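Undergrad: Any chance you can model this:
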Amino acid sequence: MTGITGLSRKNNFVLAIRDADLVAAALRRALAEASPQERPGLERAAALVESTAAATETEVRARWVRSRLAAVGFTGDITSVAAVKALRQAEGKLSLPAAVQLQREAVAHPE
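TA: Next up is the predicted model:
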C-alpha cells in the first residue's frame with residue numbers, strides 16, 4: 001500500500017484500502033489452471049495473501065506507518081516525538097492528531 005486516504009489538515013480520519021481479496025481470487029484462478037510445476041509457488045503465494053488479508057485495519061495502518069517512516073530514513077524510536085515529526089514529513093497533509101493516533105497504532109502493533 002502506498003498511501004492511505006482521508007488525510008488532510010481538516011480531516012483526521014484514516015481509511016486503509018486493501019484489495020487482498022482480488023489478489024486471492026486471481027491466485028485461486030491461477031491455481032485452478034496451474035501445471036504441477038507451478039502449483040507449489042502459487043500455493044505459497046496464496047497462503048501469503050491470505051495471511052496478509054487476515055490483518056486488521058489497525059495492523060495495516062501500523063505497517064503503513066513503519067513503511068512511511070522508513071521511506072524518509074527514520075531509524076529512531078517509534079514512540080518518540082521525532083517519529084511523529086518524520087511521519088508528518090513523509091505525509092505532508094497528515095494532521096498532528098492523526099499522526100499521533102497512527103503512531104500509537106504502530107506502537108501497539110510491533111512488527
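Undergrad: which residues of this protein fall in strands?
TA: With DSSP state E as the criterion, the chain has no strands.
Undergrad: which residues of it score low on pLDDT?
TA: 1-17 (pLDDT under 70).
Undergrad: hmm, try it at 90
TA: 1-24, 48-61, 91-95, 98, 110-111 (pLDDT under 90).
Undergrad: those helices in it, which residues are they?
TA: For the chain, the helices defined by DSSP state H occupy 20-33, 39-53, 57-71, 81-90, 96-108.
Undergrad: Any chance of CSV for those, columns mean neighbour count?
TA: Yep, even glycine has a C-beta here, placed from its N, CA and C like the rest. Below are these laid out as CSV (neighbours: other CB atoms under 10 Å):
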stretch, mean neighbour count
helix 20-33, 13
helix 39-53, 14
helix 57-71, 18
helix 81-90, 18
helix 96-108, 17
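Undergrad: Am I right that Leu102 is in contact with Val60?
TA: No: look at Leu102 against Val60 with CB atoms under 8 Å: they stay out of range, at 11.1 Å.
Undergrad: Could you pull up the contacting residues of the nearest residue to His109 once chain neighbours are set aside?
TA: Nearest residue to His109 in three dimensions, chain neighbours excluded: Ala62, at 3.8 Å (CB to CB, 6 or more residues apart in numbering). Shown in contact with Ala62 (CB atoms under 8 Å, 6 or more residues apart in numbering): Leu102, Glu105, Ala106, Ala108, His109.
Undergrad: nearest to Arg66, of these?
TA: Set against Arg66, the nearest of the contacts of Ala62 by CB to CB is Ala106 (5.9 Å).
Undergrad: ok now do the closest one, which residues does it touch?
TA: Contacts of Ala106 by CB under 8 Å, 6+ apart are Arg61, Ala62, Val65, Arg66, Ile78.
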